[in-house]
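In: just a sequence and a predicted model for now, questions to come.
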Amino acid sequence: MKQFTSFIRKEFHHIFRDRRTMFILLFMPVAQIIIFGFALTNEVKNSQIAILDNAKDADAASLITQIGNSRYFNIEKTLYTQKEIDEVFKLGKIKMVMVLPQNFGSDLQHFNHAQVQLIADASDPNVASTLTNYASVVITDYQKRITNEKKLPYTINTEVRMLYNPQGKGAYSFVPGVMAMVLMLVCTMMTAITVVREKEMGTMEIMLVSPVRPLKIIIAKAVPYLLLSMINVASILLLSVFVLDVPINGSLVLLIAESILFTLTCLAFGLLISTVTDSQQTAMFISLTGMFLPTVMLSGFMFPIENMPLPLQIISNIVPAKWFYIIVKNVMIKGTGFNIVWKETLILAFMLFALLGLAIKKFKIRLA
Amino acid sequence: MSNGTAISVDKLTKRFGDFTAVDNISFNVTKGEIFGFLGANGAGKTTAMRMLCGLSKPTSGTASVAGFDVYSQTEKIKKSIGYMSQKFSLYEDLTVKENIRFYAGIYGKPDGFIKEKTEKLLNELRLQSEAGKLVRSLPLGWKQKLAFSVAIFHEPQIVFLDEPTGGVDPVTRREFWNMIYKAAASGITVFVTTHYMDEAEYCNRVSIMVDGKIEALDSPTQLKKTFEANSMGDVFLKLARKAVRAAD
């Protein structure tokens, strides 16, 4: 026990003395949540649009008012000629132009059929499609309002309910993603680097000559990072609940237990990396390419796995973050219990033991 | 084995595949002796030392360190030895005191012992005012002395020094050897590998390894006589010329 506490105290000294480590450990999760929360969002609010109203009748005016009143659009400019459309797009501020044809009102009144043209700046295709979608929704709303007054023969009204995330917020999907990413980075990369650093400095040798058992060395290395990871989990959850308004619908205990499981898996991977490399740089490189990139690309948090080619879909199964992401999304957002995520939990647990077993075996081989 | 023997090695061999790193070596080291373990790079010094420290299992032969068997009692061996390598083995980002405390801690020494002995050690090394400073800020020679003190802090029976004076100026080396003498006088057996032939002269007895075998083993005076050489350097050159193995 004495050996163990000496070890852990030393490990904390290392962490607290290294500003770079502290920065990565404590500041990064906060920065990521804030960046993802406020900067990298695919939601569109208060987009600047322009209107080219060729009709200038009552119906056109009321549609324009409705568009202007929605929180998605700010009508920045009113255009008078077709030529101006190109000019405003080139200036870049205006992302969409709505064009109402000359006889908009009369078409609507007499033929029950009118057209609206939406022109969007598709140099950013995501924004363009989001904007046109929003505008279509607003126009459909308007249409419903006016048709309510007259009876139409056949209409199917689709009523959409966005379950678990009624406002369609991006935060709901990236909070679990950022959690996976941060834990992966802290645990895998940091552990790999700190073990390899001891090898580089030659202190590992001293440790191996000492009566401390190798397994104890491994555990002592992992404990401080496990504790720090829990601080990260706490700060991410606090930020998401109080700053981003993402609720924790499921059991907090389950969520934390799953985070610990995932953290341990990452730690085991970090240890495994440290047993196969001898330089900090290599360790960092392997952690980044072997863990961080797959986490971002193949966990389903940035790009939907369903849309990937089959080989990538298969590969994604061996990325621990994918399973953790599914678990967190279920527990945190959908509020499901263990009965739903037990399969994913089992997969993670299996990965943990496989990685840990391999790491310990490699560590022992090095000794022989 | 007799009471006066610290290390006894008999026909110790280590093979890695076809390569015989340590080939059938035998020797004894008496308690309190300063035993020099010489050899060119790749001669098998490190492999032999690793086996004696319980880090690597021999292929054949027998050896006991501090009375414990290198096959079955490595845990006990580890408790009875100290070790210092050519890399300093101190943590640069820890203070002098924290380093001492950590290494004493992993040998399971009680807090009272650590506290008392740390004071004494800092006094001896005249490092009291540096106790709270990071090891990084100490001059090389001091780091080295501190590393040695830390290696024998838990009062081992035997201390293994793997090229402990690499890259240090002659004055500091001299001081360092004074510390080794002092440790030996207090009963600690010193097993030291070195590149510096002048250092070999300081040892009680010296063994010279060539291609995995011990080619010579005697006191420096006797070795010079046998090989008709003026210095240990000449003795070493005469022997090392026979080597066929390339240095690694």
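Out: The structure has been received and is ready for your questions.
In: at the geometric centre of the chain, which residue do we find?
Out: No chain specified, so I'll use chain A. Against the mean C-alpha coordinate of chain A, by Cα atoms, centre = their mean, the closest residue is residue A:174 at 2.3 Å.
In: you looked at the wrong chain, it should be chain B
Out: Central residue of chain B (Cα atoms, centre = their mean): residue B:161, at 2.1 Å.
In: isn't it up against residue B:84?
Out: Yes: applying Cβ atoms under 8 Å as the test, residue B:161 and residue B:84 come out as touching, 5.1 Å apart. (Glycine included, C-beta is placed from N, CA and C.)
In: which stretch of helix or strand covers the nearest residue to residue A:58 once chain neighbours are set aside?
Out: Spatial nearest neighbour of residue A:58, chain neighbours left out: residue A:105 (6.1 Å); criterion: Cβ to Cβ, 6 or more residues apart in numbering or on different chains. Assigned by DSSP states H and E, residue A:105 belongs to helix A:104-106.
In: and after that helix, which helix or strand comes next?
Out: Downstream of helix A:104-106, the first helix or strand assigned by DSSP H and E is strand A:117-120.
In: next, count neighbours for the closest residue to chain B within the stretch 201-350 of chain A.
Out: Using Cβ to the nearest Cβ, the single residue of the stretch 201-350 of chain A nearest to chain B is residue A:202, 2.9 Å away. When counting by other Cβ atoms under 10 Å in any protein chain shown, one arrives at 16 neighbours for residue A:202.
In: what is the burial count for the nearest residue to residue A:297 once chain neighbours are set aside?
Out: Spatial nearest neighbour of residue A:297, excluding adjacent residues (Cβ to Cβ, 6+ apart): residue A:303 at 6.6 Å. Here the count is done by other Cβ under 10 Å, and residue A:303 has 14 residues near it.
In: where exactly do the helices run in chain B?
Out: For chain B, applying DSSP state H gives helices covering B:45-52, B:74-80, B:96-106, B:111-124, B:140-151, B:170-185, B:197-200, B:220-226, B:232-240.
In: how about the ones you listed in JSON lines, adding mean pLDDT and mean neighbour count?
Out: Shown next, in JSON lines, are the helices of chain B (pLDDT from 0 to 100; neighbours: other Cβ atoms under 10 Å in any protein chain shown):
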{"stretch": "helix B:45-52", "mean pLDDT": "91", "mean neighbour count": "23"}
{"stretch": "helix B:74-80", "mean pLDDT": "91", "mean neighbour count": "19"}
{"stretch": "helix B:96-106", "mean pLDDT": "92", "mean neighbour count": "23"}
{"stretch": "helix B:111-124", "mean pLDDT": "92", "mean neighbour count": "14"}
{"stretch": "helix B:140-151", "mean pLDDT": "89", "mean neighbour count": "21"}
{"stretch": "helix B:170-185", "mean pLDDT": "90", "mean neighbour count": "15"}
{"stretch": "helix B:197-200", "mean pLDDT": "85", "mean neighbour count": "19"}
{"stretch": "helix B:220-226", "mean pLDDT": "91", "mean neighbour count": "15"}
{"stretch": "helix B:232-240", "mean pLDDT": "86", "mean neighbour count": "19"}
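In: could these go into JSON lines alongside distance to chain A?
Out: Output for these, formatted as JSON lines (distance: least, Cβ to the nearest Cβ, whole Å):
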{"stretch": "helix B:45-52", "distance to chain A": "9"}
{"stretch": "helix B:74-80", "distance to chain A": "4"}
{"stretch": "helix B:96-106", "distance to chain A": "3"}
{"stretch": "helix B:111-124", "distance to chain A": "8"}
{"stretch": "helix B:140-151", "distance to chain A": "8"}
{"stretch": "helix B:170-185", "distance to chain A": "17"}
{"stretch": "helix B:197-200", "distance to chain A": "20"}
{"stretch": "helix B:220-226", "distance to chain A": "28"}
{"stretch": "helix B:232-240", "distance to chain A": "26"}
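In: separation between residue A:329 and residue A:211?
Out: Residue A:329 sits 46 Å away from residue A:211, going by Cβ to Cβ, to the nearest Å.
In: low-confidence ranges, chain A, go.
Out: Residue ranges of chain A with pLDDT under 70: A:39-43, A:148-155, A:157, A:167-168, A:365-368.
In: tell me where it has strands.
Out: A:47-53, A:73-79, A:96-100, A:117-120 (DSSP state E).
In: which other helices and strands does the second one contact?
Out: Yep, that's strand A:73-79 we're talking about. strand A:47-53, helix A:58-69, helix A:82-91, helix A:125-149 (3 or more Cβ pairs under 8 Å, 6 or more residues apart in numbering or on different chains; DSSP states H and E).
In: out of the ones you listed, deepest packed?
Out: Among these, strand A:47-53 has the highest mean neighbour count (mean count of other Cβ atoms under 10 Å in any protein chain shown), at a mean of 20.
In: tilt between that one and strand A:96-100?
Out: Between strand A:47-53 and strand A:96-100, the angle comes out at 20 degrees (axes from the mean of the first three to the mean of the last three Cα atoms, to 10 degrees).
In: need the CA coordinates for strand A:47-53. PDB is fine.
Out: Extracted in PDB, the C-alpha atoms of strand A:47-53 (Å, rounded to 0.1, in the frame of the first residue of the first chain):
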ATOM      1  CA  SER A  47     -29.800  34.000 -41.300                       C
ATOM      2  CA  GLN A  48     -29.800  37.100 -43.500                       C
ATOM      3  CA  ILE A  49     -32.000  36.800 -46.500                       C
ATOM      4  CA  ALA A  50     -33.300  39.100 -49.200                       C
ATOM      5  CA  ILE A  51     -36.700  39.200 -50.800                       C
ATOM      6  CA  LEU A  52     -37.500  40.000 -54.400                       C
ATOM      7  CA  ASP A  53     -41.200  40.700 -54.400                       C
END
